[in-house]
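quick one: sequence plus predicted model below, questions after.
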There are 2 protein chains.
Amino acid sequence: MKTTASLKSELLEAPAILEQFLSAYFHQNAERYAYGELFEPLYLDLSEFVSRRGKRLRPMLFLLAYRLFGGDRKFTDPSLLKSAISVELLHAFILMHDDIIDQSERRRGLPTFHKLAEERMGKLENRERIGQNVAMVVGDMLFALAVETLQSTDFPSQSRDAALSRFLRYVTDTGCGEIYDILLGIRDITRVSEDDIVRMYNLKTTRYTFEAPIILGGLLAGASPELLGEVEHITNPLGLAFQIQNDLIEFSHFDITDRAMQTDLLEGKKTLLMRMAFDRLNDLDRSFLQLCLSSSSLHDSSIIKIRELIEKSGAVAALRERMQDLFNRSEKALESAPFTADQREGLREAIAFIRQQTQHTGTN
Amino acid sequence: MKTTASLKSELLEAPAILEQFLSAYFHQNAERYAYGELFEPLYLDLSEFVSRRGKRLRPMLFLLAYRLFGGDRKFTDPSLLKSAISVELLHAFILMHDDIIDQSERRRGLPTFHKLAEERMGKLENRERIGQNVAMVVGDMLFALAVETLQSTDFPSQSRDAALSRFLRYVTDTGCGEIYDILLGIRDITRVSEDDIVRMYNLKTTRYTFEAPIILGGLLAGASPELLGEVEHITNPLGLAFQIQNDLIEFSHFDITDRAMQTDLLEGKKTLLMRMAFDRLNDLDRSFLQLCLSSSSLHDSSIIKIRELIEKSGAVAALRERMQDLFNRSEKALESAPFTADQREGLREAIAFIRQQTQHTGTN
């Protein structure tokens, strides 16, 4: 297992290389965004937003997959690094628009982008709306940058085209997942099925978080689309398992006194936890839960009651079991995929690593 | 001038070909957007929104430039048509987000996209916000489709890469122009210079409307970037002239009783007309104008007064003169560009045609 051992040492150095490249990239591109003094502070905000310490799950998975599927460029190769950060830029763009939708105030421990833009408006009456408008457009520009970053690499045009085309499709999938999240959010819970929620999680998060980096890394390494077709059988259950893990972590950390947390629970979102709790309650409890979820703002007492009902329902234990089952299914799919022993081993270790890294804080 | 004559007859047939291709394209792509029943109505709305009769200025200019710069594919060639509509899809994406920012209600005689989405929310309390969120995300998806449409053409990869890279840069320019529009809108008029407004018009509209179609058509026809570098000298004054024409048309059509018109005047936007009127007024009138522009909502009486002040200032006549001067400058740049006689003649006729087509309704 020499290959795997050397890959491990390469991967250990990757995070620092990625951070350095990302920050240099914004520095190098400053000239291109030299639109005058009005735009300057926004470019600095943008660069700061993207550079905030995240887990960099996506570029790391990308690099791993690139190597596992036979790519031989060094992890310091500029085009390889550009491709890796294109997935991170995509992620940052998605977060920026998602935060507007959820009216979130904090992201990675600091203000969301629209809040940063809002702060720049001083005491202006409609600063909140203007901050959101600015963030929407900066998000669009970031999306353009993400595409350009991938497109401007020197990979053979056939594999680069295939990667770019998939990249754009993941944007569409994620957008549709976002729309599902919005539209399921306003539906009565009796009209939201488990399948709806599972599909929403898959479109909104799993595809661009787990599937995209592996597929893109594989395509740029020259792997065949047929072989890479196996990946979704591994990532679909895996992504859902991680999403459930996120839901459970959020529920366990849930603190009624900290409204700034803006959890899915406080926002009345249709999570799998909520749906499974609903299914397991008696008629009276169900009616109460339904009533709470349909109200536009929740009182503290309702939230405490919802929490109690979820605990009472046994949904947490059921979801833990389901999560474990999904991890197992993903593992089985990995075993039966026509991969080499090294590919299997590398992906298995990556998944274990992500599980270990995210078990307390989630994948967000 | 046989070439020009045959090009004219080709161009006469192009609008019908474009409409047909655009509508077939959405039909063909339906499967790719088959995300389930929740998304279906939005895809229909999207297809309807893009198919609304516009002037199709951009794809027409693209086709013209492609032929003038030596491209020999028929106007029925699928890849050529895809490239042409990619500019129209880009335009539709920009309109969608722009309408959210301006909170506009009507677009091409029908509801804006976020209003369509809002209508689908029934009597939901926060339907306005949800409509805007949905429109933001559908806009993102449309942007992805625009890029993919251009990227999936079968042009030689070098010219296609060059076109795609420029395409993305135009998105960035337009985004920055949009941000200038927002940020200048909240500045006191004394702190907004003519240069600021001219730059904003250029970034927000001229580049993607006039420059982009010609450059992209030229690149895909195989013209050299050096030759195409001349284009901006023609389109920069041209775009500004058309923008002034739009401002003047809007001002002349301006109707105080029709608030649904949502003109720049009603929105207190920093137009060149406003800035030039301000420069030409006496101190008392200036103070009044400044006061009106800084208030968050205008009363009818203020609007009538602003209109009177603009008329009194003589800015309309000054702008007419400036517009004519800009058209002349554009014409001169065209004369001195190292183009062939046919290229010159074709571009000149196209500009004359656009002027004639837009003199009553503007280029929007």
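Alright, I've got the coordinates.

quick one: the closest residue to residue A:55 other than its chain neighbours from residue B:111, how far?
Nearest residue to residue A:55, sequence neighbours excluded (C-beta to C-beta, 6 or more residues apart in numbering or on different chains): residue A:357, at 6.6 Å. Yep, even glycine has a C-beta here, placed from its N, CA and C like the rest. From residue A:357 over to residue B:111 the distance is 47 Å, taken as C-beta to C-beta, to the nearest Å.

who has more neighbours, these two?
Using other C-beta atoms under 10 Å in any protein chain shown as the criterion, residue A:357 and residue B:111 rank with residue B:111 on top: 19 against 13.

now do the same for the residue nearest to residue A:55: its pLDDT.
Per-residue confidence (pLDDT) for residue A:357: 85.

and the one helix or strand it maps to, how far out from the chain middle?
Secondary structure from DSSP states H and E places residue A:357 in helix A:341-358. For helix A:341-358, the separation from the chain centroid amounts to 18 Å (computed by C-alpha atoms, centre = their mean, to the nearest Å).

using CSV, write down the CA coordinates of it.
The C-alpha coordinates for helix A:341-358 follow below in CSV (Å, rounded to 0.1, in the frame of the first residue of the first chain):
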residue,chain,number,x,y,z
ALA,A,341,-8.2,-1.8,-4.2
ASP,A,342,-6.4,1.5,-3.9
GLN,A,343,-9.4,3.5,-5.1
ARG,A,344,-11.6,1.7,-2.7
GLU,A,345,-9.2,2.1,0.2
GLY,A,346,-8.7,5.8,-0.5
LEU,A,347,-12.4,6.6,-0.7
ARG,A,348,-13.1,4.6,2.4
GLU,A,349,-10.5,6.4,4.4
ALA,A,350,-11.7,9.8,3.1
ILE,A,351,-15.3,9.0,4.2
ALA,A,352,-14.1,7.8,7.6
PHE,A,353,-12.0,11.0,7.9
ILE,A,354,-15.0,13.2,7.0
ARG,A,355,-17.2,11.4,9.5
GLN,A,356,-14.6,11.8,12.2
GLN,A,357,-14.1,15.5,11.3
THR,A,358,-17.8,16.4,11.2
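
so what does that helix touch, helix or strand wise?
With contacts taken as 3 or more C-beta pairs under 8 Å, 6 or more residues apart in numbering or on different chains; DSSP states H and E, helix A:341-358 sits against helix A:2-28, helix A:57-68, helix A:231-253, helix A:315-336.

got JSON lines for those, with distance to residue B:181 too?
Shown next, in JSON lines, are these (distance: least, C-beta to C-beta, whole Å):
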{"stretch": "helix A:2-28", "distance to residue B:181": "24"}
{"stretch": "helix A:57-68", "distance to residue B:181": "33"}
{"stretch": "helix A:231-253", "distance to residue B:181": "38"}
{"stretch": "helix A:315-336", "distance to residue B:181": "47"}
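
so for residue A:298, which of those sits nearest?
helix A:231-253 (15.1 Å; C-beta to C-beta).

the closest one near chain B anywhere?
No - Helix A:231-253 is not in contact with chain B by C-beta under 8 Å from any C-beta of the partner chain; minimum separation 15.4 Å.

ok and that helix relative to helix A:315-336, angle-wise?
Calculated by axes from the mean of the first three to the mean of the last three C-alpha atoms, to 10 degrees, helix A:231-253 forms an angle of 160 degrees with helix A:315-336.

buried ones in the helix or strand following helix A:231-253?
Sequence-wise, the next helix or strand downstream of helix A:231-253 (DSSP H and E) is helix A:272-280. Buried residues in helix A:272-280, defined by neighbour count with 16 or more other C-beta atoms under 10 Å in any protein chain shown: A:272, A:273, A:274, A:275, A:276, A:277, A:278, A:280.

stretch A:298-308 now?
Applying 16+ other C-beta under 10 Å to stretch A:298-308 flags A:298, A:302, A:303, A:305, A:306 as buried.

make TSV out of these and add secondary structure.
Listed next are the buried residues of stretch A:298-308 as TSV, based on DSSP: H, G, I helix; E, B strand; the rest coil:
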residue	secondary structure
A:298	coil
A:302	helix
A:303	helix
A:305	helix
A:306	helix
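
pick the one among those closest to chain B.
Closest approach between the buried residues of stretch A:298-308 and chain B, by C-beta to the nearest C-beta: residue A:298, at 14.1 Å.

what does that closest one show for phi and psi?
Torsion angles at residue A:298 (phi, psi; degrees, to the nearest 10) stand at phi -100, psi 130.

okay if I get the buried residues of stretch A:298-308 as JSON lines plus distance to residue A:180 and pLDDT?
Listed next are those as JSON lines, based on distance: C-beta to C-beta, whole Å; pLDDT from 0 to 100:
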{"residue": "A:298", "distance to residue A:180": "22", "pLDDT": "71"}
{"residue": "A:302", "distance to residue A:180": "25", "pLDDT": "79"}
{"residue": "A:303", "distance to residue A:180": "24", "pLDDT": "81"}
{"residue": "A:305", "distance to residue A:180": "27", "pLDDT": "85"}
{"residue": "A:306", "distance to residue A:180": "22", "pLDDT": "86"}
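
and the residues you listed, which two are the farthest apart?
Farthest pair in those, by C-beta to C-beta: A:298 and A:305, 9.6 Å.

state the distance from residue A:84 to residue A:142.
16 Å.

of these two, who's got more company?
residue A:84 (30 against 26).

give me the common contacts of residue A:298 and residue A:305.
Residues touching both residue A:298 and residue A:305 (C-beta atoms under 8 Å, 6 or more residues apart in numbering or on different chains) are residue A:292.
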